[in-house]
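Engineer: Sequence and predicted structure, then a few things I'm wondering about:
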Amino acid sequence: MPKSTITPLQPLNTIQPPDAESVLIGGMPLKHVLESQQFTVPLLMELFSRSRGMEHVVARGGTLDYQNRILTTLFYAPSTRTRLSFEAAMHRLGGRVLSTENAGVFSSEIEGEQVEDSIRIISGYSDVIVIRHTAEDGARRAAEVSLVPVINAGDGNGGQHPTQALLDLYTIYRQRPLNGLSVAIIGELDKGRTARSLAYLLAKFDRVKMFFVSPPQLQMKPDILEYLDEHGVRYELESDIDRVIGEVDVVYQTRIHPERFKDLDGLRRYAIDSKVVQRMKPDALILHPLPRTVELDKSVDADPRAMYFRQAMNGLYVRMALLTMLLDKEPAAGSAWW
């Protein structure tokens, strides 16, 4: 395998969080986090600046700055990593957490209560709500009635997962400039929430080119491709990983469900193992949103280009930073006079 030339992370300077008013950069207040499209480049840079600051906060054990704030995680579909990441982020900020991982079973919704009614009640208990819903419009519906900020932690089966895309982009940003990137996004792209959200974010930077690598029947949906066309972003649809693996700066591998492939040979064509990484650029990055199945072999874990465990840790910093951006401008729950 070629010797890696990845530059090690440099020591960070102490960064003070920006003033709360700066969340209005570009005239777009950050009230809720529902989709990747709502982020401007200046807002992304502010988020990343705060995220680097949060690395210092975690290194010293956290802060008590948000000890009077409450986060509720409301998950109608299970996702242990995302839920625990948000909960750890709130605890590191000094706040408290109310949590349910299977709201569709253990809440009144099993008796017919709609998400809007649930949110109206829960937003009176909380300062911010993180929701994963089975419907693609679940987070939007929640935000329309919520008294407090709502964060989309994944919606539907083929919707978006914006905070995952933010931490993915931050992981790349910590290693190299975002302008001029070439990125291969591989896997089940038709239903890939993380891949869809990341495509929207990458499209905001100059001279980016994306390769969507997937079997034709699992290829990226037209809505993403139309968005890229409208914004002049270069992309190619590809069904052969070997044609692009040696020329891209970032390989973003996503989960593959074996049952969606007719045979194992077809599945192996989209998997990454030690043989595949030998054909990559020496300084390319390998990302995966996790969890993985058969598409990313454990033999890749020792490769210095493998970023996915660091990527998961970066999720803590990014979500901490995002929570501060939302909470700094919000009054505490229960502070209003009725």
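Structural biologist: Cool, the structure landed. Since we're looking at a predicted model, the values are computed, not measured. Residues are numbered from 1 along each chain as shown.
Engineer: Could you use CA atoms for every contact and neighbour count after this?
Structural biologist: Will do.
Engineer: What's the separation between Phe86 and Arg319?
Structural biologist: To Arg319, Phe86 is 6 Å away according to C-alpha to C-alpha, to the nearest Å.
Engineer: So which elements touch the one helix or strand Glu226 maps to?
Structural biologist: Taking DSSP states H and E as the criterion, Glu226 maps to helix 222-230. If you count contacts as 3 or more C-alpha pairs under 8 Å, 6 or more residues apart in numbering; DSSP states H and E, helix 222-230 packs onto helix 193-202.
Engineer: how about low-confidence regions in the stretch 1-150 of the chain?
Structural biologist: Low-confidence segments of the stretch 1-150 of the chain (pLDDT under 70): 1-29, 101-113.
Engineer: Show me the helices in it, by range?
Structural biologist: Per DSSP state H, counting those that start in this stretch, the stretch 1-150 of the chain carries helices over the ranges 41-59, 80-92, 103-106, 115-122, 138-145.
Engineer: Can I get these in TSV including mean neighbour count?
Structural biologist: Below are those laid out as TSV (neighbours: other C-alpha atoms under 10 Å):
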stretch	mean neighbour count
helix 41-59	19
helix 80-92	20
helix 103-106	16
helix 115-122	17
helix 138-145	20
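Engineer: Minimum distance to Arg243: which of these has it?
Structural biologist: Closest to Arg243 of the helices of the stretch 1-150 of the chain, according to C-alpha to C-alpha: helix 41-59, at 30.8 Å.
Engineer: Can you name every helix or strand that that closest one contacts?
Structural biologist: The contact analysis (3+ C-alpha pairs under 8 Å, 6+ apart) places helix 41-59 against helix 308-327.
Engineer: Mind listing what's buried along stretch 286-301?
Structural biologist: Across stretch 286-301, burial judged by 16 or more other C-alpha atoms under 10 Å covers Ile286, Leu287, His288, Pro289, Val294, Glu295, Leu296, Val300, Asp301.
Engineer: again with stretch 147-159
Structural biologist: With burial defined by 16+ other C-alpha under 10 Å, the residues of stretch 147-159 counted as buried are Leu147, Val148, Pro149, Val150, Ile151, Asn152, Ala153, Gly154, Asp155, Gly156, Gly158, Gly159.
Engineer: Please state the offset of that stretch from the chain centre?
Structural biologist: Relative to its chain's centre, stretch 147-159 lies at 11 Å (C-alpha atoms, centre = their mean, to the nearest Å).
Engineer: hmm, back to that, to Val183, which of the helices of the stretch 1-150 of the chain lies closest?
Structural biologist: Nearest to Val183 among the helices of the stretch 1-150 of the chain is helix 41-59; the distance by C-alpha to C-alpha comes to 18.3 Å.
Engineer: Okay then, goodbye and thanks.
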